[in-house]
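In: predicted coordinates and the sequence they were generated for:
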Amino acid sequence: MKIAMFGIKGIPVPAGAENVAEQIGSRLVQRGHEVTIYVRAHYTPRELKKYKGMRLIHLPSIPTKNLDTFTHSFLACLHILLFNRPDVVHIHSTGSSIFALLPRLFGIKTVVQSHGLDWQRVKWSPLAKLYLRLTDYSTLFFPNVTTVVSKKMAAYYQTMTCRPVIYIPNGVEYKENRPANLIHSLGLESREYILFAARFVPEKGAHYLIEAFSKVNTTKKLVLAGDGSYGDMYTEKLKGHASDKIIFPGFIRGPLMEELLSNAYAFVLPSEIEGLSIGLLEAMSYGNCVLASDIEENREVLGEAGFTFESKNVVELKNKLEYLLQNKQEVQTKRDLAKERSRGFLSWEKVTDQIVSLYQLISKGTKER
């Protein structure tokens, strides 16, 4: 089967929809499918033409906050129709869902995967939020089928239509815990730091964590593994808090990230909105004690296997951090529960199984709308 994906910034990017596209796309290649990923030249180096067997097509865009995704997706859609002609187009963005209709009119099956309700993100202007609200409808009605990564999103979309919305959650990759070794280069020791790992955007809530941690009397360190766009004012403001106790190692992948996840005292995710956090699932799979904001998407993942605090409430976040630092036995109990609960979520192999089944169904016309 020939599959084309667009709506993401590029790969490899260790976060968000980009990570989902990489995880699924690379496994589709391993199963003998031909996968093309449309990437943006300012995110993926032009010399990178293939990655994990996936063909990368670099297309330009207007690299502004409001036009980057729209213009890149428009060009990707044109390239698909003129030069590619895949069996399935898989769009990883609700904002790009308006481009699902055109390939479909030319007989190409289309899937839109919603990774979150983008209009909720604080970075958008009122006009951009209105556009993204309207794309909730194109997400539902333009493609052959719509998939979502969380039960909350499935319920949200089902209030808008009686047509089926397919729930396929994000997966988790299970790996062995690593002893502390590489983390020493960051000045870290096992169980002597609290970890945040996510993109530096306001809705991930790193600023709440920094403010709360700064008020906690502890010898432990705070590690914020992630980054934002170059010159981004929010990211620069976060990094202005860097010190011996607040460490910014940048975006990290591979063995070093595995060590960070294996040896943290606790993992904190203070996000305001989520789709279904891959970072949260990964942290749990390594047996981390998790403290997360109490939004529904985080509670869907955590269950009773972690701690929560009221979203955006810095005082409660500080108090919960102090509680964890003072109650080591409860922290260990939650570590064990988190690892056990993570086993109940799908592996990326099983997620890919479901995606392949979906492609096959719409190719046969059994999921036609």
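Out: Nice, I can see it.

In: not counting sequence-adjacent ones, nearest residue to residue 197?
Out: Of all residues not flanking residue 197 in the chain, residue 225 sits nearest, at 4.2 Å (C-beta to C-beta, 6 or more residues apart in numbering). Where C-beta positions appear, they are placed from N, C-alpha and C, glycine not excepted.

In: my guess is the one you found contacts residue 193. True?
Out: No: assessed by C-beta atoms under 8 Å, residue 225 is found out of contact with residue 193, at 10.5 Å.

In: quick one: common contacting residues for these two?
Out: Overlap of the contact sets of residue 225 and residue 193 (by C-beta atoms under 8 Å, 6 or more residues apart in numbering) is empty.

In: check the residue nearest to residue 197 and give its pLDDT.
Out: pLDDT, residue 225: 96.

In: can you count the residues close to it?
Out: Residue 225: 22 surrounding residues under other C-beta atoms under 10 Å.

In: going forward can the numbers begin at 588, since that is how I track them
Out: Understood, numbering begins at 588; the last thing we discussed is residue 812.

In: what sits against it?
Out: 782-784, 836-839, 844, 847.

In: in strands only, show me those residues.
Out: If you go by DSSP state E, these have 782-784 in strands.

In: returning to that earlier point: which of the contacts of residue 812 are buried?
Out: 782-784, 836, 838-839, 844, 847 (16 or more other C-beta atoms under 10 Å).

In: next, work out how far apart residue 665 and residue 910 are.
Out: Taking C-beta to C-beta, to the nearest Å as the measure, residue 665 falls 55 Å from residue 910.

In: before we move on, what about residue 880?
Out: Going from residue 880 to residue 910 by C-beta to C-beta gives 16 Å.

In: of the two, which one has the most company?
Out: Higher neighbour count among residue 880 and residue 910: residue 880, with 26 against 14, using other C-beta under 10 Å.

In: just list whatever residues bridge to that one.
Out: With DSSP bridges as the criterion, residue 880 is bridged to residue 896.

In: and residue 921, how many residues sit next to it?
Out: The number of residues packed near residue 921 is 25, by other C-beta under 10 Å.

In: double-check it against residue 894; I have them as touching.
Out: Yes: with contact defined as C-beta under 8 Å, residue 921 counts as touching residue 894 (6.8 Å).

In: one step back: quick check: phi and psi on the residue nearest to residue 784?
Out: In terms of degrees, to the nearest 10, the main-chain angles of residue 812 are phi -90, psi 110.

In: what about it, distance to residue 864?
Out: Distance from residue 812 to residue 864, by C-beta to C-beta: 14 Å.

In: can you pull out the strands in the stretch 588-737 of the chain?
Out: Under the criterion DSSP state E, counting those that start in this stretch, strands of the stretch 588-737 of the chain are mapped to 589-593, 621-627, 637-638, 641-646, 675-678, 696-701, 732-735.

In: confidence score at residue 817?
Out: 54.

In: need the overlap of contacts for residue 921 and residue 894.
Out: By C-beta under 8 Å, 6+ apart, the residues touching both residue 921 and residue 894 are 876-877.

In: neighbouring strands for the helix or strand hosting residue 811, and are they parallel or not?
Out: Element membership for residue 811, per DSSP states H and E: strand 808-812. Applying DSSP bridges, strand 808-812 is found paired with strand 780-784 (parallel), strand 833-834 (parallel).

In: got TSV for those strands, with mean pLDDT too?
Out: Converted to TSV, those look like this (pLDDT from 0 to 100):
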stretch	mean pLDDT
strand 780-784	98
strand 833-834	98
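
In: let's have the contacts of residue 812 in a markdown table, adding distance to residue 702.
Out: Listed next are those as a markdown table, based on distance: C-beta to C-beta, whole Å:
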| residue | distance to residue 702 |
| --- | --- |
| 782 | 23 |
| 783 | 20 |
| 784 | 17 |
| 836 | 25 |
| 837 | 23 |
| 838 | 19 |
| 839 | 22 |
| 844 | 21 |
| 847 | 24 |
